[in-house]
Structure formats: structure tokens, C-alpha cells
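Enquirer: what's the 3D shape of this:
(chains A and B)
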Amino acid sequence: MLQDRALMLKKARAFFDDRGVLEVDCCALGPRAAIGSNIDVIEAAVSNQETGFLHTSPEYAMKRLLASGSGDIYYLSHVFRKGDIGRLHNPEFAMVEWYRLGLSFSELIEETCAFLCLFFGPSPVRTIGYREAFERYAGIDYTAAPLSEIKKAARKLGASDSENWNRDIFIHFLLTHAIEPHLGHGELTVLTDYPPHEAALAQVVEKNGEQVAERFEIYYETVELANGYHELADASELRRRFNAENERRRSQNKETYLLDEPFLAAMENGFPECCGVSVGFDRALMLRRKAKSLAEVLPFAWTK
Amino acid sequence: MSSLSTNEIRVGMKVEVDKEPWLIISNEFVKPGKGNAFNRIKMKNMVTGRVVERTYKSGDKLDVADIEEAQMRFLYKEADGAIFMDDKTFDQITISNEIIGNNQPWLMEELIYQVVFYKGAVIELIPPTFMEMKIVETSPGVRGDTSGRVLKPATTETGAKIQVPIFVEEGEKVKVDTRTGEYVSRANN
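Expert: Numbering: from 1, shown residues only, chains lettered A, B, ... in the order given. Okay, the predicted model is just below:
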């Protein structure tokens, strides 16, 4: 197991070396937290007066490097997420994240599939849109279906749907319970064309008369492995989305976070046209080993 | 009533859902990328035995079921049930035949049983895992084969129909696993 992890770390770095992508080392501990409504940040007392945050991904730091002219870069190290403990989650895990200036959205998807094939060998690739996946596997047109219809589909699959469930929660329930079980069987399944409110930090474009986010996720054997974007470069839109995420956090009675102003300032000074993606290294290793849980492949799992 | 967050729920805990008691079988943390976190909980109804899978939003609360357990001595049978006594309080209760269910053949006077109460009412009777009982009916023993692999039917003093090795004779005492109804060994007496 230790040898295989070392081998895959070496292969991953060689993959980027071959493509002229520079490894960067980002700070794991910073003064500002990344803002996501469903990702909680581990706080750390840096001194008696100051609180810092462990990074949940190297995204903001890497984007500052990109804005300062770094060119293509990758990061391969650990990130931290509060409360994520389970069969497929460990509060600390290894992430590979990279940004490519010269690649289009579809080219980055191809490159990510090639990267994942380092772990699983050559695998067929299937692409399915978010809307089509919901229609095919949940029988729901998620944009038009009334909440009552979405609830009915969710209840059939065991949703407890207590009063605090909103539309987003039902959609995420169907994603995990109705759709994900069908993805990645003997193939890499690319889920793409996300709804605008699931854009995170991706650009939103019009496609066949519909607004969709240029965001993708890749699944193998039902497990989500990669999350990528055609990166949003508009600093004022980023600010708007961060505020919206904080608003969602507030509505769930979660703490809100201060915006990362140095990051937003860097974005305002000019961010290059690029695409970026992150891959869960430990999960890829788990599937490569045909293991059932992350703990089986982590040298030091939180639950051990 | 006290409650537990889905993150605190562990295998073996007992919760109340839809006004019924459930035993937790598994609790899996599920979270899509950038999405809401859930706990997929598998549980068994402690009254009907039905197993269901329910998904909760992580952090949602579930009520703890009002379950109590007591060690009680079996005294005697009546037409509609069996009488048990708490050795400490000398309280006597009747457990209905419906609750006793498949455990009828494991009732032996003076033995101690585990009794499970939900909101004060008995919902389950659990016999000792291993019980020693006399064989009252079986075909004559065959000497020679002592491997224990060749079996024959037998009836015990409590009326349990079990399979025993062919060397076991009528009148002998044997040890039985009440979870499976299987012969374990000859009793040492």
C-alpha cells in the first residue's frame, strides 16, 4: 500500500512534468477561510490573538499565483474539511489541483480523464448533462418540476424530508441517491452542464437556449473523483457569489466567513483565461486498490 | 425526551421514528461535491423486525427511544402468555404469546430471560444464548460415528425440534444455541 501510494504520487508528478505544469506549494494555514455553503473550515489558534483557517482547497492561493503570471500550475498535497468523516471522507485528504491556460473546457475534461487513467488504466468515457442525468435516473426535470414532485421522488428513496429541507437539499439528495449509483460503472462518467446556482466558481454560459455552468465532475464506480471549472474571472461576480454563499450559510445557522480581500484584489488586477480542476487523490487510490473505504488506503486515517 | 444528532448516532443505539422504536444497524455519511451532507441510516423496527433505510440531513436530530431492559425469571405458562418475575422487586408480569412468538420452545422454568420494554410495554423477549435441555424423543443412538457431522431429528423437554448428532441418546442433556436453534455440544453434568 505504501509503495503504491508512493508510485502514484510519482506518476502524478511525472504527468504534470511532461506537460510543463509547474508544481506550487501553497500555504495550508491562512488568515481567511474559503467560502462555500456546504464546506466547513477547521479553525486553528495561530497565536493567543489570531485565528487562522486550514485550507479546504488551494484554490484561492493558486488563483493569486495565476493572477501574478505563474502560468500553468499544479498542487499535490493535503487539504482539510471540518465534519467530513465517513467511508469516503476523511477530514484531511490529499488533493491534486491544477490550472491550465492553454486548454479549453473540453480539453481539460480530456486531460483529467487521462490523469485518472493513470490510476485505473485505459477506461471508456461517457459524458452526461446534469439535466439529462436527472431526467434519466430520477425521472425529474429539475428546472421545471414542482417541489411536490421532487419530494415524492425523494421519499421513495428514503428521504426523511423533515421541515428544514429546501429545494437544494432535495436536489442533492436525488443526486446522491438516484443518480450517483448509476455513474462510472466500468467507465469514467463526466457529469457536466450544471445549473447556474451550482456554478460555484465556474463561468455560466448559454447552451441550447439554457443557462448552464461550465463545471464538471467525474465519477468512477459511483464515486465522485474530480470537480472542474472554466474559471470565472470577474471579480465583482465572484464577490456576489461569495456573499450569496455566506447568505446560504447564515440561513443554515452556520458561521459566516470574511471575504478573502487579497484574493479578490488579485482577481481585479487581471486573471488569465483558464480552466482548473481538483482530484481526490486518496479516493482515486482507493478505487485503484478496489478498497471499500478511504481508511483502507490512508496511512493515518482519522477513524483508525 | 432526549435527542441525538445524526453525527452522534452509532450502531446499536435505539431511536424513535414515527412513534416506533428502531435499532440502528448502520449510519453512513454521504456528501456530494459542494453539496449538502446527509446521513444514510439503516435501522430495524424493534417491534416488527422490518428493516428500512432513511436519509437525514447531517446534523438533524433523532429522538432517543424510551427503551428499558430487565433480567426476569420465567415462572410458569398460562393460556394467553407466560408469567415472569423480576428477582429484585418481585414484580410479576405476563408476556403475551404474541410477543413470545418463536421463543416458545426456549421457555424453561426458573431461567433468567432478557425482557425489552418500550414506553413501559414489553416488545421483546430474549432467551439466554445457550441453553441446556434434555432430549425427550429421538431415534436410538448409533455408536461409531462421533464426528458429529451426521444428524438426526430430536425433540427437547421444552418442545424444541432440533437436529442432533446420531450418537445422542434420549434422556441426555445437550447445549443449544437459541439464536439458530442448533445443537452445540453435549452438556457437561
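Enquirer: contacts, neighbours, all on C-alpha from now
Expert: OK.
Enquirer: OK, contacts around the closest residue in space to B:Phe130 that isn't next to it in sequence?
Expert: Counting by C-alpha to C-alpha, 6 or more residues apart in numbering or on different chains, B:Phe130 lies nearest to B:Asp177, which is 4.8 Å off, once chain neighbours are set aside. By C-alpha atoms under 8 Å, 6 or more residues apart in numbering or on different chains, the residues touching B:Asp177 are B:129-131, B:183-184.
Enquirer: any chance of a ChimeraX selection covering the buried ones in the residues you listed?
Expert: Selecting only the buried entries of these in ChimeraX, with 16 or more other C-alpha atoms under 10 Å in any protein chain shown as the criterion:
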select /B:131,183,184
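Enquirer: how about the contacts of B:Asp177 in CSV, adding secondary structure and pLDDT?
Expert: Converted to CSV, the contacts of B:Asp177 look like this (DSSP: H, G, I helix; E, B strand; the rest coil; pLDDT from 0 to 100):
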residue, secondary structure, pLDDT
B:Thr129, coil, 95
B:Phe130, strand, 96
B:Met131, strand, 96
B:Tyr183, strand, 93
B:Val184, strand, 93
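Enquirer: which pair of the contacts of B:Asp177 spans the longest distance?
Expert: B:Thr129 and B:Tyr183 (12.0 Å; C-alpha to C-alpha).
Enquirer: tell me the residues of chain B that contact chain A?
Expert: With C-alpha under 8 Å from any C-alpha of the partner chain as the criterion, chain B meets chain A at residues B:28-38, B:53-57.
Enquirer: which ones among those residues lie within helices?
Expert: Counting by DSSP state H, none of the members of these fall within helices.
Enquirer: just the buried subset of these, please.
Expert: Burial by neighbour count, judged by 16+ other C-alpha under 10 Å, picks out B:28-32, B:35-38, B:53-57 from these.
Enquirer: who's sitting farthest from the centroid in chain B?
Expert: Ranked by distance from the centre of chain B (C-alpha atoms, centre = their mean), the top residue is B:Lys34, with 43.1 Å.
Enquirer: and the nearest residue to it once chain neighbours are set aside, backbone torsions?
Expert: In this structure, B:Lys34 finds its nearest non-sequential neighbour in A:Asn38, 5.9 Å apart by C-alpha to C-alpha, 6+ apart. Comment: the main-chain dihedrals of A:Asn38 come out as phi -110, psi 10, following degrees, to the nearest 10.
Enquirer: number of residues surrounding A:Asn38?
Expert: A:Asn38 has 18 neighbouring residues, counting by other C-alpha atoms under 10 Å in any protein chain shown.
Enquirer: before we move on, what about B:Asp60?
Expert: Going by other C-alpha under 10 Å, the residues that sit close to B:Asp60 add up to 16.
Enquirer: go on, A:Lys63?
Expert: The local packing count at A:Lys63 equals 23, with neighbours defined by other C-alpha under 10 Å.
Enquirer: for the particular helix or strand that has B:Leu62 in it, which outside residues touch it?
Expert: Secondary structure from DSSP states H and E places B:Leu62 in strand B:61-64. By C-alpha under 8 Å, 6+ apart, the list of residues contacting strand B:61-64 from outside reads B:1-6, B:14-17.
Enquirer: nearest residue to the residue nearest the centre of chain A in space, please, no chain neighbours.
Expert: The centre of chain A sits closest to A:Asn227, judged by C-alpha atoms, centre = their mean, with a distance of 3.9 Å. Across the structure, with C-alpha to C-alpha, 6+ apart as the measure, the residue nearest A:Asn227 apart from its sequence neighbours is A:Glu217 (4.4 Å).
Enquirer: which is the succeeding secondary structure element to the helix or strand the one you found falls within?
Expert: Taking DSSP H and E as the criterion, the element that holds A:Glu217 is strand A:210-220. Next along the chain after strand A:210-220, taking DSSP H and E as the criterion, comes strand A:223-230.
Enquirer: relative to strand A:210-220, how tilted is that next one?
Expert: Here strand A:223-230 runs at an angle of 140 degrees relative to strand A:210-220 (axes from the mean of the first three to the mean of the last three C-alpha atoms, to 10 degrees).
Enquirer: did I read that right, A:Lys63 in a strand?
Expert: No: secondary structure of A:Lys63, determined by DSSP: H, G, I helix; E, B strand; the rest coil: helix, with no strand assignment.
Enquirer: specify the local secondary structure of the spatially most distant residue from the centre of chain A.
Expert: Here the centre of chain A is the reference, and by C-alpha atoms, centre = their mean the most remote residue is A:Asn48, at 33.2 Å. Three-state assignment for A:Asn48 (three-state DSSP): coil.
Enquirer: so who does it touch?
Expert: A:Asn48 neighbours (C-alpha under 8 Å, 6+ apart): none.
Enquirer: next, the buried residues of stretch A:278-297.
Expert: For stretch A:278-297, the neighbour count (16+ other C-alpha under 10 Å) marks A:278-288, A:293-297 as buried.
Enquirer: in the helix or strand where A:Arg13 lies, what's buried?
Expert: When elements are assigned from DSSP H and E, A:Arg13 belongs to helix A:2-18. Within helix A:2-18, the residues that qualify as buried by neighbour count (16+ other C-alpha under 10 Å) are A:5, A:8-9, A:12-13, A:16.
Enquirer: next SSE downstream of that helix?
Expert: strand A:22-23.
Enquirer: whatever helix or strand comes next after that following strand pairs with which strands?
Expert: The helix or strand immediately downstream of strand A:22-23 is strand A:29-30, counting by DSSP H and E. Applying DSSP bridges, strand A:29-30 is found paired with strand A:51-54 (antiparallel).
Enquirer: only alpha carbons, please: show the strand it pairs with as PDB.
Expert: Taking Å, rounded to 0.1, in the frame of the first residue of the first chain, the C-alpha atoms of strand A:51-54 are listed here in PDB:
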ATOM      1  CA  THR A  51      -7.300  32.700  14.500                       C
ATOM      2  CA  GLY A  52      -6.300  31.100  11.200                       C
ATOM      3  CA  PHE A  53      -8.000  28.600   8.900                       C
ATOM      4  CA  LEU A  54      -6.800  25.300   7.400                       C
END
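Enquirer: give me the contacts around that strand.
Expert: With contact meaning C-alpha under 8 Å, 6+ apart, strand A:51-54 is reached by A:28-33, A:41-46, A:79-80.
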